[in-house]
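J.: okay, predicted coordinates and the sequence, questions at the end:
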Amino acid sequence: MTKIRCSWANPANPRYLDYHDTEWGVPCHDELRLFEMLNLEGAQAGLSWETILNKRENYRAAFCGWDVDKIAAYGEAKVAELLANPGIVRNRLKVAAAISNAQAYLRMRADGLTLDHYLWSQVDGKPIVNRWARGERPARTDLSDRISKDLGKRGFKFVGSTIIYAYMQGIGMVDDHDPECFCHSGR
């Protein structure tokens, strides 16, 4: 029996199917993955998620396994190295955003706040389960608007509302699987 998946899940790319089946829409509370996904969603701006997903391991290697302390201390030599790395998106603003995000994350932690607590408190610790008709998912919501604005005030970059809504989907704050998809939590 063939599994019914969301319309966006590319059946020709096993990596993409695995991401759909095991990560997208699954609640995540792991700080490292939350930080990684925030940066990957920002890197995706203007590109396809499939492009970024295919480069994910390259990003992990290039950004020291998403070690926040190391990233926050990156200087011009490391930036130049990253901009020469064909395994990632070589965009100066996106590379600078990852560094700014690490610095903002460290400030957040110094204030006693984790990404996990910050994000999940926005939804009372429970995912929002939607039942959008195929192709009717919004690109942003009032909640993604609020989180985007607040993260921007905290110094995070590439955190526009559309990016944040995609992030919320990716880390499972929102379950936007097609209602007929085998991964939808309301099935």
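T.: Okay, I see it. Residues are numbered from 1 along each chain as shown.
J.: mind jotting down where the strands sit in the protein?
T.: Assigned by DSSP state E, the chain shows strands spanning 128-129, 174-175.
J.: how about low-confidence regions in the protein?
T.: 1, 134-135, 187 (pLDDT under 70).
J.: give the other helices and strands that the longest helix seen in it contacts.
T.: For the chain, the helix with the greatest residue count under DSSP state H is helix 92-110. Applying 3 or more Cβ pairs under 8 Å, 6 or more residues apart in numbering; DSSP states H and E, we find helix 92-110 packed against helix 31-44, helix 68-72, helix 76-83, helix 115-121. To be clear about C-beta, it is placed using only N, CA and C from the backbone, and glycine gets the same treatment.
J.: so what angle separates the directions of that helix and helix 76-83?
T.: 120 degrees (axes from the mean of the first three to the mean of the last three Cα atoms, to 10 degrees).
J.: to Ile171, which of the helices and strands packed on helix 92-110 lies closest?
T.: helix 31-44 (5.6 Å; Cβ to Cβ).
J.: quick one: buried residues of that closest one?
T.: 31, 33-44 (16 or more other Cβ atoms under 10 Å).
J.: same question, stretch 163-174
T.: Result for stretch 163-174 [16+ other Cβ under 10 Å]: buried residues 163-174.
J.: which members of those residues are the farthest-apart pair?
T.: Ile163 and Gly172 (16.3 Å).
J.: and the residue nearest the centre of the chain?
T.: Nearest to the geometric centre of the chain sits Met37, at 3.1 Å (Cα atoms, centre = their mean).
J.: residue contacts, that one?
T.: The contact partners of Met37, by Cβ atoms under 8 Å, 6 or more residues apart in numbering, come to 28, 167, 170-171.
J.: of all those residues, which two lie farthest apart?
T.: The widest separation within the contacts of Met37 (Cβ to Cβ) is 10.3 Å, between Cys28 and Tyr167.
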